[in-house]
Structures are given as structure tokens and as C-alpha cells.
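J.: Fold the following.
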Amino acid sequence: MSIKVIHKLGDDTVQSSILPKIEIWYDELRGLLPSLPSNLKIYFFDQDDPGIMKEFGVGGYAYSPVIMSLGFLIDFADKEEQLKQLKSTIYHEGLHIAQGYTGNGEDTPLIECMIYEGLATVFEREMLGNVQPYGIYPKDEETLNRWVKSIRSVDTPWQWEDYERWGFIDPKTKEQWRLYKAGTWFIDQVLKNNKELSVLDLTRLSAKDILRLP
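T.: Numbers count the residues shown, from 1 in each chain. Okay, the predicted model is just below:
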């Protein structure tokens, strides 16, 4: 197994300190997801990239089947929390790579994006015990069902504005992360209704397959 940096972090000392951890975590992850490539390329975001979540000091994107983009704020104060979130990001984006959910994704129906993001969020929670704010959904199932119905109705190919509105924040309602929250709830319902299946079982299925489950 090898990990190659194709775009540097911007601070060689910090990069040298976190790269061995990334290698260990990725090796662990390949034990859970054997379809992951043995050789991975890392592209570190620039420090001002909007893909970095400022509250966590990290960001991630499954750019291609062999490239994972990662954000890591050099001056983030809480390093312990930041490293915890970096490991979680490796698991989240690594699952996307294992499932072939990479690139811009405009040809993937938004409802399937919801499934992939929800599953990756549940995967973080179940494998690492990391409960993310974008995975904490409202208790009102009427609202959740309405979100899922609305997400399902978005045309394919969707526009980036659609993903921003559902995935991040709705400029009108100010609601955040509805795609992730609805997806997390949907995956939890699938696991509740199919007790013979585990999260790892779901990682071996496509979003289309998961949507067919009761």
C-alpha cells in the first residue's frame, strides 16, 4: 500500500506529522472496505478552500477512484478534535471511493447522492463513534419524508445550486445539511427494517439497491 501526495498542504512539518496517521487510518479502512485501491493519491486543499469546514478544521472530497482531496487548516486550535475529524473524513470519503461515488456527480440522481452521503455519515458514526451535526436529523418524520420526496423530485442532471440548497444550506429557510440528515435517517430506517443487515453489508450495495430495500 502506498499514499502519494500530489498537492502539498503548504506546511511540510504539519504534512509530515499527519501523513503517517492518514496511512494508518487508510490501511485500517481497507480492512473494512477491500475494494479500496491499494495506492491512493492525496490532494490537499488550499487553506482558503470553501470545502474546508471551518468548525472542524478539515474537509474532504472523493475526487476520483484513486484521488482523495483533503482539507486541513494549519492554524486550527483544537488539534485533538481536528485529528479526530480528519480520521472521520478519511472514512467518509474512503467509503465514497469504495462505492464508486466520486467526481462531480451531476449524473447521479440527487436521491442517490442522499443515500451515499447518509450511508457515509452512518459509517462514521458506527465505525468511529463520531456523531456528526450533519447526521443529527429532526424527530419529525413528516418533515423527513417531505425532504426525501422533494430531493427525489430534483431533475437529473441537477445543478450545483440544487446540491448547495439541499446539501449545505437553503438560502431561503436557512436549513442546513438536509441531504445528509435525510440520508442518515433513511439509512437508519433501512437498518431498522432489515435487522439481518449491518452497515458494512450496506457498503457493498449501490444506492439503487438500497433504495429498493423495505
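J.: Torsion angles phi and psi at Ile111?
T.: phi -70, psi -30 (degrees, to the nearest 10).
J.: Leaving out chain neighbours, which residue sits closest to it?
T.: Arg152 (4.4 Å; C-beta to C-beta, 6 or more residues apart in numbering). Glycine gets a C-beta too; all of them are placed from N, C-alpha and C.
J.: The protein: strands as residue ranges?
T.: Secondary structure of the chain (DSSP state E): strands located at 2-7, 39-44, 58-64, 67-72.
J.: which other helices and strands contact the last one?
T.: Contacts of strand 67-72 with other secondary structure elements, assessed using 3 or more C-beta pairs under 8 Å, 6 or more residues apart in numbering; DSSP states H and E, are made with helix 12-32, strand 39-44, strand 58-64, helix 79-98.
J.: Measure how the longest one sits relative to strand 39-44, angle-wise.
T.: Note on geometry: by axes from the mean of the first three to the mean of the last three C-alpha atoms, to 10 degrees, helix 12-32 and strand 39-44 are set 140 degrees apart in direction.
J.: what sits up against the lowest-mean-pLDDT helix or strand in the chain?
T.: Lowest on mean pLDDT, DSSP states H and E among the helices and strands of the chain sits helix 160-163, with a mean of 93. With C-beta atoms under 8 Å, 6 or more residues apart in numbering as the test, helix 160-163 has contacts from 106, 110, 113, 154, 179.
J.: what sits against the last one?
T.: Right, Leu179. 110, 113-114, 117, 151, 163, 166-167.
J.: Quick one: which of those is the most crowded by neighbours?
T.: With neighbours taken as other C-beta atoms under 10 Å, the top of these is Met114, carrying 29 neighbours.
J.: How about that one: what's its closest non-neighbour residue?
T.: Nearest to Met114 is Gly183, by C-beta to C-beta, 6+ apart, at 4.1 Å.
J.: Which pLDDT does the model give the one you found?
T.: At Gly183, the model reports a pLDDT of 98.
J.: who's in contact with it?
T.: 114-119, 121.
J.: closest to Arg30 among these?
T.: The shortest approach to Arg30 among the contacts of Gly183 belongs to Leu119, at 17.9 Å (C-beta to C-beta).
J.: Give me the spatial nearest neighbour of the closest one, chain neighbours excluded.
T.: Leu119's closest residue in space is Ile187 (C-beta to C-beta, 6+ apart), at 5.2 Å.
J.: That neighbour and Ile52: what is the separation?
T.: 25 Å (C-beta to C-beta, to the nearest Å).
J.: And these two? Which one has more around it.
T.: Comparing Ile187 with Ile52 by other C-beta under 10 Å, the one with more neighbours is Ile187, at 27 against 20.
J.: List the contacts of the more buried one.
T.: 115, 118-119, 121-122, 199, 202, 210.
J.: and it, what pLDDT?
T.: pLDDT for Ile187: 98.
J.: how near is it to Pro171?
T.: 27 Å.
J.: Near Glu196, how many other residues are there?
T.: Neighbour count of Glu196, defined by other C-beta under 10 Å: 5.
J.: one step back: looking at the contacts of helix 160-163, which two lie furthest apart in space?
T.: Greatest spatial distance in the contacts of helix 160-163: Glu106 and Leu179, 14.3 Å, computed using C-beta to C-beta.
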